[in-house]
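S.K.: Have a look; sequence and predicted model below, questions after that.
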Amino acid sequence: MIEQLSHTTIYVLDQDEALTFYRDKLGFEVRSNIRTDGFWWLTVSPKTQHGLELVLMPIVENPMMPADTAAKLRELVRAGTFRIGVFETSDCRGTYEELKSKGVEFQAPPTDRFYGVEAIVKDSSGNWFTLIERKKSK
């Protein structure tokens with residue numbers, strides 16, 4: 001029986017840039033940082049989240065990804081095609097100001113929605129995610 005999801009992949013154009021973005025700008029913690037035989041296994045997570053690691057995966061040719069597929073994937077990532085998920089915060093507007101001061105690019109500022117306050121963030125490769133402060137129950 002499957003018990004949990006432990007890792008999920010974010011395809012990045014440059015692992016060094018992705019590390020700087022997720023660690024230094026978002027404040028994520030490095031969980032794995034292993035270099036071996038020309039490969040870099042690099043994972044990060046929000047400091048308060050345990051049990052799930054985000055794999056910052058370079059787009060490289062390999063037996064599972066031929067050169068033409070890798071080229072197409074790089075183009076799609078660069079174009080901002082992929083939403084990588086939803087990150088929660090207790091203060092969307094405050095987190096927006098903090099991240100913006102660190103040079104994080106936003107596609108949309110904090111906006112009131114029926115489900116809470118939402119901002120759209122873009123990472124260093126072009127991937128985007130939602131930053132959300134859930135609506136408080138009354």
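M.R.: Here it is on my side, so go on.
S.K.: mind listing the strands for this structure?
M.R.: For the chain, the strands defined by DSSP state E occupy 7-12, 29-36, 39-45, 53-58, 83-88, 105-113, 116-122, 128-134.
S.K.: what about the fifth one, average pLDDT?
M.R.: What that stands for is strand 83-88. Strand 83-88 shows a mean pLDDT of 95.
S.K.: before we move on, back to that, would you list the strands of the chain in a markdown table and tack on mean neighbour count?
M.R.: In this view, the C-beta of every residue, glycine as well, is placed from N, C-alpha and C. Below are these laid out as a markdown table (neighbours: other Cβ atoms under 10 Å):
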| stretch | mean neighbour count |
| --- | --- |
| strand 7-12 | 17 |
| strand 29-36 | 12 |
| strand 39-45 | 18 |
| strand 53-58 | 20 |
| strand 83-88 | 14 |
| strand 105-113 | 14 |
| strand 116-122 | 19 |
| strand 128-134 | 19 |
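S.K.: can you redo these as CSV with distance to residue 67?
M.R.: What follows is these, written out as CSV (distance: least, Cβ to Cβ, whole Å):
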stretch, distance to residue 67
strand 7-12, 15
strand 29-36, 23
strand 39-45, 17
strand 53-58, 14
strand 83-88, 24
strand 105-113, 30
strand 116-122, 27
strand 128-134, 26
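S.K.: In this structure, spot the helix with the most residues.
M.R.: Ranked by number of residues, the top helix in the chain under DSSP state H is helix 67-78.
S.K.: who's in contact with it?
M.R.: With Cβ atoms under 8 Å, 6 or more residues apart in numbering as the test, helix 67-78 has contacts from 11, 12, 13, 59, 60, 61, 65, 82, 125, 126, 127.
S.K.: Now do the contacts for the fourth one.
M.R.: Right, the one you point to is residue 59. 11, 12, 13, 65, 70, 73, 74, 77.
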